[in-house]
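Asker: Everything below, folded, please.
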Amino acid sequence: MIQTKKLHWADKLGIINATLCIIHCLSLPILLSIGVNFLSNPLFAFAFIFVTFISIYNSTKGKNSRSVSKYLWVAFTGFVISTLFEEHSVLLEYGMYFFSIGIILGHIYNVKACLKHS
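Answerer: Numbering: from 1, shown residues only. Here you go, the predicted structure:
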């Protein structure tokens, strides 16, 4: 039971982090236009990447479906590539949204799978 609670906490962290990332990316142009410049600092991107890594690592190290684990790690890899190279292509900018939504869905599915097996 303790392992399940840890997984749920990591999944909740991943869902919240990916949601905040989407909100950050969508609101950044508006906030920059009114003079809120500190949010464009690259440290925000690295913070999102770091928290995403921690949440996926903790979510996938338990006893859960291998397909969910693979899905989350593929979504994480796509998220990292899209985030680090977003300035080179508009497609990568949209990739950040796509992979963030994928991470959210992966964590939701992982919670459901863990509840089903416990």
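Asker: Report the buried residues of the host helix or strand of S69.
Answerer: S69 is part of helix 66-84, with elements assigned from DSSP states H and E. Judged by neighbour count (16 or more other Cβ atoms under 10 Å), helix 66-84 contains these buried residues: 68-69, 71-72, 75-76, 78-80, 82-83. In this view, the C-beta of every residue, glycine as well, is placed from N, C-alpha and C.
Asker: By residue count, what's the longest helix in the chain?
Answerer: Using DSSP state H, we find that the single longest helix of the chain is helix 2-33.
Asker: what does the helix or strand that that helix is followed by rub up against?
Answerer: Of the helices and strands lying after helix 2-33 in sequence (DSSP H and E), the nearest is helix 42-60. Helix 42-60 has contacts (Cβ atoms under 8 Å, 6 or more residues apart in numbering) with 6-7, 9-11, 13-14, 17-18, 20-21, 24, 68-69, 72-73, 76, 79-80, 83-84, 103, 107, 110.
Asker: now do stretch 11-27
Answerer: Against stretch 11-27 from outside (Cβ under 8 Å, 6+ apart): 39, 44, 48, 51-52, 54-56, 58-59, 72, 93, 96-97, 100-101, 103-104, 106-108, 110-111, 114.
Asker: how about a cut-off of 7 Å?
Answerer: Stretch 11-27 is contacted by residues 39, 44, 48, 51-52, 55-56, 59, 96-97, 100, 103-104, 107-108, 110-111 when judged by Cβ atoms under 7 Å, 6 or more residues apart in numbering.
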